[in-house]
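Trainee: Got a predicted model here, sequence first, then my questions.
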Amino acid sequence: MRRRGFTLIEVIVCIAIGTSLATLATTTFLRMRATMRRVNARLEMHNTARFVFQRLRADLLAMQQDAALWLESDAGTGAGDATVRLVFLRGKTDTTDFSHDLEYGVYTTLNTDLVWAQWRWDQDTRRLCAGASSTVREWTMAADWTSPDGHNFRDRRFRNLPQPRRAAGVDCRTTLDDNRFGSPDPRDVGDFTDLDANTLPTTRGVTAMTIELVLADGSSVSVDGTADRVVALDGAFIDGRVTAAAAPHRRRPRLVRVRMTMHDAPTALTQDFAFSFATPDPLPGTP
Amino acid sequence: MTTPPGDARRRGSFLVVCLAMMSLVAIVGFALLKQLRTQTDASTANQRAMLAEGAAQAGVAHALEQVLRDHAGATIEIRSDAGAAPARALTFLDGPYRAPFGSLSHPNTLTPWNGAETNAPDADKDVRPEHMLTLAWLPWWMGDPWATRFSWYEREGTQHYDGRGRYYEPGWYDLTRTPGDEPVRAVPFVEFAGPKPERDGAVFYDERFVRLDSGDPVADRKAARYRLRYAIGVEDLQGHLLVNPQADMRLPQDYRTPPAWVRRSGDAFAAIMGAAGHPDWFVDHWQHVFQGRGWSVNVDKGAGGHPVTFPLMYRWSDRTSPEAFWECYRKPEGGARAEALYASTYVRGLAAGGETIRVDGHRWWGPRENGGGWPYGMQRYMHVAVGPQYSWWNLYYALTGCSPDWGANIPATMFMATPFGRPITRTPGYPGDYQPATRRWHQARVDTPFHVNVMTAPPAVVSAMLLAYLPPKFKVFKYTRIDFYRYTGKVRGNDTWERTPGASMALDGRNGLNNVSYYGRDLLVDATHPGFAEFPAPRRDGASSPPSLTGEVITPDYHVLDQRGAQEQYPGLAWNGDSSRPGEGTDDLGEHIDADEVGNGVCTHTGLPFIFMGLGPAHYHAKQFPGNDAPLLTVRPPDWFWEDGMNLAVKVPDPDLVKFQHSYWWDIYSSLATAISVMRAQWVQYPNDRSRPAQAFPAGDLDPTAFQTMRDLDRQFLAQLGESLDAPGSDAPAALGLKAYRPQQRWTSAGSYWEFEPRTTSNNIRSLLDQDLIANIDGSLGSDQRARVMERVLNDVRLSFLGSSPEYADGIDWRSGATDAAAEFRPLDFDGDGEVACSCYPAALAVAEGDGRGPKPPAEGWFSVTGCFFVGKSRFFRIWSRGELWDNRLSRTISEALLESAVCIDPEGQGTADSHVLYQRWHFDKYQGLLSHIEP
């Protein structure tokens, strides 16, 4: 007589094997998924880092050495947010607009070739932000702004452009914000406020950031957000002059080094990136 | 057995099907391959872009090395096309550092832009002549290959621009040319001693961007998929007009008290640009730069912080009154013209300031109260790109402002003016602390922002400096015709106005009503130099001398119109001429000198004259304005200005009919322009479209070593006038044995070029005096008196343009630094009366020393009215470098990057270690997208 079905042993063995296989498969799958997440996270970090590299490189290659530059670090212990920022003047890196309408009256030439650029690391949000000042700020005065002799500037149109400055002054906010009109209109802002408003997140998960400037005189300065520090560098004199008292071109960056740490919380992955950029000044130096 | 027709048809159908399937497979296959290639190429776009940028940066480094090497050297070896032994170059005009950047076949060639090398035996068709290095950022109409492509460098900015060579392809530039094809070869970079930089090796890549370096660059070049290369252009910025004479870029904190440089530079620049023939609005717009119009720090603010008034540009007094700001750049007898268009925008100036900006009831464009103009009813308060500028484009933007006539600014702002450079200035304790033997290069006996290298200056710069110096009375054009037009409505489709030409009416150009001065300020005022203290300018406290101003005066009032009479504007008796030629003959001092018959000297590289005389402004007379005294407009109004049925009358000047054609000034200017031309032609090393060194001069006259200093230029200048630098006032021209030349254009089948024919000037001051040819016809003034006027005019021109150059002023050899009192500038006694007339002397007269030389000008007597020239090593350069990645397979450029740099070399004269980059800017051509070249 032929037996039907499976013996208990067979079933148990099958279940055991199946369970083992399933466990193995699940474990493998989970591990693979975790690995994939880590790989993806790492890929994303590298892609992001490459984007940062390319954009920062483009900005730094267009740096104006005859304009002021600030490297500032705020540890967040005071009133301000914890930040690290690099602010400098650069040539526009987009296509110069020559396509404006030639018809009389279309004044698109009120423009500028130079904008203030900022790279800012916000420690609290772990975001790396970048941006440039508007090429033109124009607004119609929305508020009443009446002079003592009775003229009301309401509905008048105002226009402002980023203003180059050679002398760095105390800090970038103080120096760059001095060109507002002073009206009650909230859109009447100075260059720094405009720049800061245009500085938008480009990268998240940045847990540490160090920016170092290697200056032409061989010295270096760096900030990392752990302490309050303002490095304000004057621009080079436009006529190239070098005086014993002030040789600002020797205190201009020849190399910008950036080190940032990116962290992916879900995978607990941490990756350091370090870049080095030569600024638009291969000199000074003897041939 | 025969094959049934049906079988044949079947076999044929089968073949068709097969062919169709094969075609389909081929199409699909090619599509897939194309897509694959596109994707592959696209995936390398970033790599290609960065390679091109890297090539551009390498180009800048290459240029810098060359410039630094030449600067550090005591002398520069040059080569001569005449077959002579290599000489030592004194300037950068054609020094060897330029050669590597130039075309091997046609160095410094201007035209044809696209065919210069196509017939050369070793021509590479894909290595295009790089005339258009700057094309990427030029406006579209200047990039139109079939329209006005040449316009930008045929205009103001044309100069020696060395980017016109072919691409510099590392490892591939040192081509051996067919003997006799071109006698002069470029000096390769690798000929210099020292280790070869890495970039001297060829940079050829395969498809995977793996560099090919088999040791045989010829084979590698053929096998390569990609070739990396760069083109370089070097401009001498010290041949340009400096816009930013103040180094610190600080703005005047109060426009009412501008620093001295603002006034001096602003006046000078406005005058120079006005003399260059630019429209008056263009001249006025220089205030944007020099006055800092619109900066927030430059705005008067009321108690509430609101703007009370803006600086000068936004103010006006009255368009008919002489103190009107807009009037100051125009001739007084011209009356109000364009002012009517603008007047209502402006605020009447008050002496104490604090004018109130009107915010209601007016339009941006005044006359269009009822619907015209733009923007209707809007007033804009602007902090725009004004004040000192950091870039050429910003400079352009600043000058453009809100003017729609912006296109004309391009050549002047990009190739004639420079934001980067350094003026020459007196030392702080001048003259006490001025030491000629140890002076730095920027220390001088005069203050002027325009210290221009005469060897490299664009013709327009030379022309502007000369014409700005010329008193307006001597640059009066005769209008000889009026053309009438009637506007007949807009052309459908393109929104432009059509006008129908009417009859023309001849004018008598001698009639004063039909004359117009070459507008531009009279610089012979003490605002610009101290040399004419004998006739001071109107004082700036409102009490003018002579008193001519009444009412409100804007402070500072240096913008007031010079109300002095002609004699006061220029000392002397030049105006007392032949009364039988009314309206013309008040200066016949040059009537018997034929120096001006040689024409104006020409640039040996561009063929353009050093004095532009064809730029008299047309005057537009529009019926729209009420009354019979409707203003003449020097600017053609924009299209919105016109209306159907409107009449237009255009006065047309005849540039050949200058009012004072017998003026001694024209002899002087022709001679100076020709002397500059002769000097530059001596140093041309390579044949170009305008000059052939071996044929330029008569045998034995090509001797660059005789033209090495400003004194040499002065000697040639005087020779052109029939005067002698070494024996002034001693004899007539024919007896002096002077070498003077007349530029002559020669035509060949290959084009035209310039030769310099020897000539002898008919008369000089001494011979005119001896023949009594310049006495007044009524006997009121003798030839001796008028000869003294000529002598003074000539010495003043020499001092202002040549003698005030620091080296010439103190006899400093710029090559060695040694001083030689015998070589220093001196006013000369050209009439031989034992006295030397020059405005530098307190009494405008001094007793001559034994050799006809006047005493050295007193320390305060030096002046440079509209800048001075120099010969020597320049220190400021603009470098263009375009990196390019060439695809051999597609036979086209697939990536390129244009880098513009401004550099200063040894800025203090203390060594090249202080050299640095002042400015760098990437330019991107939006028509050169990364992927646009993938499709063949």
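Mentor: That came through, no problem.
Trainee: where do the strands sit along the stretch 51-200 of chain A?
Mentor: Counting by DSSP state E, counting those that start in this stretch, the stretch 51-200 of chain A has strands at residues A:69-74, A:83-91, A:114-122, A:127-132, A:137-140, A:157-160, A:200-203.
Trainee: Enumerate the positions of the fifth one that are buried.
Mentor: Yep, that's strand A:137-140 we're talking about. Using 16 or more other C-beta atoms under 10 Å in any protein chain shown as the test for burial, strand A:137-140 gives A:Arg137, A:Trp139. C-betas here are computed from N, CA, C, even on glycine.
Trainee: helices or strands next to that strand in the packing?
Mentor: Taking 3 or more C-beta pairs under 8 Å, 6 or more residues apart in numbering or on different chains; DSSP states H and E as contact, the helices and strands that strand A:137-140 lies on are strand A:157-160.
Trainee: And the strands of the stretch 51-200 of chain A, which one averages the lowest pLDDT?
Mentor: Mean pLDDT is lowest for strand A:157-160 among these, at a mean of 73.
Trainee: Show me which parts of it are buried, residue by residue.
Mentor: By neighbour count on 16+ other C-beta under 10 Å, the buried set for strand A:157-160 is A:Phe158, A:Arg159, A:Asn160.
Trainee: just to revisit the earlier point, among the strands of the stretch 51-200 of chain A, which comes closest to B:Val917?
Mentor: With C-beta to C-beta as the criterion, B:Val917 lies closest to strand A:83-91 of those, at 12.8 Å.
Trainee: how about that closest one, does it get close to chain B?
Mentor: Yes. Looking at strand A:83-91 against chain B by C-beta under 8 Å from any C-beta of the partner chain, the contacts come from A:Leu89, A:Gly91.
Trainee: What is that strand packed up against?
Mentor: helix A:8-61, strand A:69-74, strand A:114-122, helix A:172-176, strand A:206-215, strand B:916-923.
Trainee: Give me the distance from that strand to the chain's centre.
Mentor: In terms of C-alpha atoms, centre = their mean, to the nearest Å, the centre of strand A:83-91 is found 8 Å from the chain centre.
Trainee: Find me the pLDDT at residue 43, would you?
Mentor: This is for chain A. 89.
Trainee: should've been chain B
Mentor: In this model, B:Ser43 is scored at 62, pLDDT.
Trainee: where does the stretch 301-450 of chain B have low pLDDT?
Mentor: B:301-388, B:400-411 (pLDDT under 70).
Trainee: per-stretch mean pLDDT over the helices and strands packed on strand A:83-91, give me the minimum one.
Mentor: Note on these: lowest mean pLDDT is at strand B:916-923, with a mean of 82.
Trainee: Sheet partners, orientation included, of that strand?
Mentor: Strand B:916-923 pairs in its sheet with strand B:892-904 (antiparallel), by DSSP bridges.
Trainee: Next, the angle from the strand it pairs with to helix A:8-61.
Mentor: For strand B:892-904 against helix A:8-61, the angle by axes from the mean of the first three to the mean of the last three C-alpha atoms, to 10 degrees is 50 degrees.
Trainee: how near is the nearest residue to A:Val214 once chain neighbours are set aside to A:Thr279?
Mentor: Nearest residue to A:Val214, sequence neighbours excluded (C-beta to C-beta, 6 or more residues apart in numbering or on different chains): A:Leu255, at 3.8 Å. A:Leu255 sits 7 Å away from A:Thr279, going by C-beta to C-beta, to the nearest Å.
Trainee: swap in B:Tyr669?
Mentor: Distance, B:Tyr669 to A:Thr279, using C-beta to C-beta: 47 Å.
Trainee: With neighbour numbers in mind, choose between the two.
Mentor: B:Tyr669 (26 against 22; other C-beta atoms under 10 Å in any protein chain shown).
Trainee: Ramachandran angles for the more buried one?
Mentor: When read as degrees, to the nearest 10, the backbone of B:Tyr669 gives phi -70, psi -40.
Trainee: Would you mind measuring from it to chain A?
Mentor: The spacing between B:Tyr669 and chain A, counted by C-beta to the nearest C-beta, to the nearest Å, is 31 Å.
Trainee: do the same with B:His662
Mentor: According to C-beta to the nearest C-beta, B:His662 and chain A sit 43 Å apart.
Trainee: same deal with B:Ile676?
Mentor: Here the criterion is C-beta to the nearest C-beta. By it, B:Ile676 lies 26 Å from chain A.
Trainee: That residue: neighbour count?
Mentor: Every residue meeting other C-beta under 10 Å relative to B:Ile676 is counted, giving 26.
Trainee: tell me the SS of it?
Mentor: Secondary structure assignment for B:Ile676 (DSSP: H, G, I helix; E, B strand; the rest coil): helix.
Trainee: For the stretch 601-750 of chain B, which residues score under the pLDDT cut-off?
Mentor: For the stretch 601-750 of chain B (pLDDT under 70), the answer is B:605, B:613-661, B:685-689, B:750.
Trainee: can you pull out the helices in it?
Mentor: Along the stretch 601-750 of chain B, counting by DSSP state H, counting those that start in this stretch, helices occupy B:664-682, B:693-696, B:710-720, B:733-736.
Trainee: how far away is the nearest residue to B:Ser214 once chain neighbours are set aside from chain A?
Mentor: Among residues not flanking B:Ser214 along the chain, B:Asp220 sits closest, at 5.5 Å (C-beta to C-beta, 6+ apart). With the distance defined as C-beta to the nearest C-beta, B:Asp220 ends up 28 Å from chain A.
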